[in-house]
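Novice: Provided below for reference: sequence and predicted model.
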Amino acid sequence: MSSSDSTAAGLDARRTTRSLGAGFFASELAVLFRRRRTWAMLLALAAVPILIAVAVRLSSSGSSGRGPAFIDSITQNGLFVGIAGLTIAIPLFLPLTVGVVAGDSIAGEANTATLRYLLVSPVGRIRLLVVKYLAAAVFCLAATLTLSIAGILIGIALFPVGPATLLSGDTVSIGDSLVRSLLIALYATVSLLGLSAIGLFISTLTDAPVGAMAATVVLSIVAQVLDSLSQTEWLHPWLFSHYWLDFADLLRQPIEWSSFGQNALLQLGYVVVFGALAYGRFSSKDILS
Amino acid sequence: MPRTWHRWIPAAAAPVVVGAVVLGGVFATSASADPAEKTPQQVLELAASSTVDTFSGTIEQSSNLGLPDVSGLSGSTGSSGSDSSDSSDLSSALELLTASRTLRVYIDGPTQSRVQILDDMAERDAIRNGDDLWLYDSSDSTAVHSTLPADASTAPDASAESVTPAELATRFLDAVDPSTDVTIGDPVTVAGRSAYDLILSPDSSTTLVSSVEIAVDADTGLPLSVDVFAQGSSDAAFHVAFTSLSLDTPSADLFDFTPPAGTDVTEKALPNRDDAPADGSATPDAGTHPEPTVTGTGWDTIVELPAGTDPSSLTDSPMLSQLTTSVDGGHVLQTTLLTVLITDDGRVLAGAVPVESLQAAAGK
């Protein structure tokens, strides 16, 4: 090997290192969104508002008198289908898919024995954790946007579209209500960031991805059960699911931003605590597979 | 693993940091500049001279009256059928006594106001714009519209200001008499504003009220919070406070209400003011009921509604029978602040006094 060759190789390696952050993130996203499982989950989420809209359309004999008032109001305005879909999906379907992605993040690599090779190439463990977390966060955004957009499209197809009525009784333009739908999707995304961090931490604990996924989903359900018990009221503001359904504050006139801020702060706290736990576990772990 | 123990330092530190930020935020809000010293009398005058009638803010209200949570119960009776309108009236009254809620108020002068009760996935609005009065409930898409009589520009507005701490505080402050000790506590911070803490203590041994604390804004004299404490409890039995407050003029669009399409609108005529009792506190159909009798003074006041309604309709209600206990001479609803006695002959006595005082008053 000549000296010039080795210099070139060194330069090449350094360039790889410098662009590794963005490049590694991009390749991680590509891996995530090239998986058939990811697309299946997004399709299942898109099916939620479509099923609601079709069911309401077929049985549009009048008010059901049960469930959130949204479900009734979508017959008057198709733009609400996306919001109704999110309302239905937030307690179970969204945590389920996020649990799968976040729980699989580290344990999946360990299970397929690719974690070793990832770390042999010049990828620090911290960087791997950060990239895995960011990919999970991107999936959260993709999931909520898929739900909202599928809901809006099926709503436009099946129901009349016009100025939307807010919870306050005020009527806003179509553009304003689309902006609010996007804000609600963003709110739901932020809501899921804490659960993603918990899933990432659990994923560093085990080599069995299914166990990590199940534990994450179970935790999200336990948190919601605790949130509904009056005996644990002191705990409620600390549960990561506490503000999940408070996105309705974005449907008031004027918008009540306080729940958005409280939710973001709470999720940030979970990201910090469980991110640090995941770092502690992952950086001190013996990678055998 | 002795070599890698330090990797866990962030994991140990993160909860500490998060906790410090949370607690630090709590301490930071209490560390604002103290207002100038004032005597209780000066603070009373400051509150009385307050001229703030244009503001917007968020209000939190909670009650801890020792009543069982009846929200589940009211839901089950509400859906049971024919008598649902009765029990929904009752449960909305009980909601005020047992639940906590968040409200937003927008007030521009005496004739424009909007109050929003922020429910889960729903909202109830009361809007007054000049002579128009709207009540809107998003949970069942209904609206009620009333037109105030032309001469009602100064009429007491039952819907709007009555929910603010200012209105409640005014009632307590108006009632300050020689039977009340007025003192000043340490300055407090409410909704980010520094305020005087006015403490009213009844000089009476028979009332259930231990003290009333009112935070009076140091700048404007606007009461920012009211806490009512019951005897033998350190937690407020009733609490209402601004969590945010802006003295800017709210947007005029907020008062311009048009019921949305698909809303069930009811027109409701207000009672003629000549028929209404002068004190303005009576409900619209109060004219058909006999006047209540008031005995006692100050904090020991007992209000007695004479027989008129069928007592069985009250005591047979499943919700009330859950809440009341049977005592000598009737049924009693005992809360930490208020006692209500429904006698066997249908009279209703209420007051912030122990049940023995009510029984004594009923026996007279």
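Specialist: Nice, thanks for sending it over. Not measured: the values here are computed from a predicted model.
Novice: in the sheet, who's paired with residue B:108?
Specialist: residue B:54, residue B:112 (DSSP bridges).
Novice: okay, now the domains of chain B?
Specialist: Listed by automatic domain parsing, the domain ranges of chain B are B:40-267, B:289-363.
Novice: Find out how far the biggest helix by length in chain A is from the centre of the chain, if you would.
Specialist: Using DSSP state H to define each element, chain A has its longest helix at helix A:125-158. Relative to its parent chain, helix A:125-158 has a centroid offset of 6 Å by C-alpha atoms, centre = their mean, to the nearest Å.
Novice: about what we covered before: can you tell which of the domains of chain B is closest to residue A:26?
Specialist: Closest of these to residue A:26 is domain B:40-267, at 39.2 Å (criterion: C-beta to C-beta). The C-beta positions use only the backbone N, C-alpha and C, and glycine is treated the same way.
Novice: For my notes, please list the domains of chain B in JSON lines and give mean pLDDT and mean neighbour count for each entry.
Specialist: What follows is the domains of chain B, written out as JSON lines (pLDDT from 0 to 100; neighbours: other C-beta atoms under 10 Å in any protein chain shown):
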{"stretch": "domain B:40-267", "mean pLDDT": "80", "mean neighbour count": "17"}
{"stretch": "domain B:289-363", "mean pLDDT": "77", "mean neighbour count": "17"}
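Novice: For residue A:221, list the residues it contacts.
Specialist: A:92, A:95 (C-beta atoms under 8 Å, 6 or more residues apart in numbering or on different chains).
Novice: Pull up the gap between it and residue B:149, please.
Specialist: 56 Å (C-beta to C-beta, to the nearest Å).
Novice: And the longest helix of chain A, what does it pack against?
Specialist: Counting contacts by 3 or more C-beta pairs under 8 Å, 6 or more residues apart in numbering or on different chains; DSSP states H and E, helix A:125-158 is packed against helix A:20-34, helix A:36-58, helix A:81-89, helix A:93-111, helix A:115-120, helix A:174-205, helix A:258-283.
Novice: Can you tell me which of those helices has the worst average pLDDT?
Specialist: Comparing mean pLDDT across the helices and strands packed on helix A:125-158, the weakest is helix A:115-120, with a mean of 82.
Novice: With respect to burial, which of the helices and strands packed on helix A:125-158 scores highest?
Specialist: helix A:81-89 (a mean of 27; mean count of other C-beta atoms under 10 Å in any protein chain shown).
Novice: tilt between it and helix A:125-158?
Specialist: Interaxial angle, helix A:81-89 versus helix A:125-158 (axes from the mean of the first three to the mean of the last three C-alpha atoms, to 10 degrees): 130 degrees.
Novice: which other residues reach helix A:81-89?
Specialist: Counting by C-beta under 8 Å, 6+ apart, residues outside helix A:81-89 touching it are A:45, A:48-49, A:52-53, A:68, A:70-71, A:74, A:144, A:147-152, A:154-155, A:158-159, A:181, A:184-185, A:188, A:245, A:247, A:251, B:121.
Novice: sorry, back to before: okay, the helices and strands packed on helix A:125-158 in JSON lines with distance to residue B:345 next?
Specialist: Formatted as JSON lines, the helices and strands packed on helix A:125-158 follow (distance: least, C-beta to C-beta, whole Å):
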{"stretch": "helix A:20-34", "distance to residue B:345": "75"}
{"stretch": "helix A:36-58", "distance to residue B:345": "54"}
{"stretch": "helix A:81-89", "distance to residue B:345": "51"}
{"stretch": "helix A:93-111", "distance to residue B:345": "58"}
{"stretch": "helix A:115-120", "distance to residue B:345": "81"}
{"stretch": "helix A:174-205", "distance to residue B:345": "56"}
{"stretch": "helix A:258-283", "distance to residue B:345": "50"}
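Novice: Please identify the residues of chain A in proximity to chain B?
Specialist: Chain A comes close to chain B at residues A:68-70, A:73, A:76, A:87, A:165, A:167-171, A:230, A:245, A:248-249, A:252-254, A:256, A:258, A:269, A:272-273, A:275-277, A:279-281, A:283-284, as judged by C-beta under 8 Å from any C-beta of the partner chain.
Novice: list the contacts for the spatially most central residue of chain A?
Specialist: Against the mean C-alpha coordinate of chain A, by C-alpha atoms, centre = their mean, the closest residue is residue A:140 at 2.2 Å. Residue A:140 makes contacts with A:94, A:98, A:188, A:189, A:192, A:193, A:196, as judged by C-beta under 8 Å, 6+ apart.
Novice: Could you rerun that using 6 Å?
Specialist: Applying C-beta atoms under 6 Å, 6 or more residues apart in numbering or on different chains to residue A:140 gives the contacts A:98, A:189, A:192.
Novice: Skipping its backbone neighbours, what lies nearest the first one in space?
Specialist: Ranked by C-beta to C-beta, 6 or more residues apart in numbering or on different chains and with sequence neighbours excluded, the top spatial neighbour of residue A:98 is residue A:192, at 5.0 Å.
Novice: Distance of that neighbour relative to chain B?
Specialist: 19 Å (C-beta to the nearest C-beta, to the nearest Å).
Novice: isn't that residue right up against residue A:96?
Specialist: No - with contacts counted by C-beta atoms under 6 Å, residue A:192 stays clear of residue A:96, the gap being 11.0 Å.
Novice: Can you tell me the centre-most residue of chain B?
Specialist: Closest-to-mean residue, chain B, C-alpha atoms, centre = their mean: residue B:163 / 5.8 Å.
Novice: Roughly how far does that one sit from residue B:248?
Specialist: With C-beta to C-beta as the criterion, residue B:163 and residue B:248 are 20 Å apart.
Novice: same check, this time on residue B:35
Specialist: In terms of C-beta to C-beta, residue B:35 sits 22 Å off from residue B:248.
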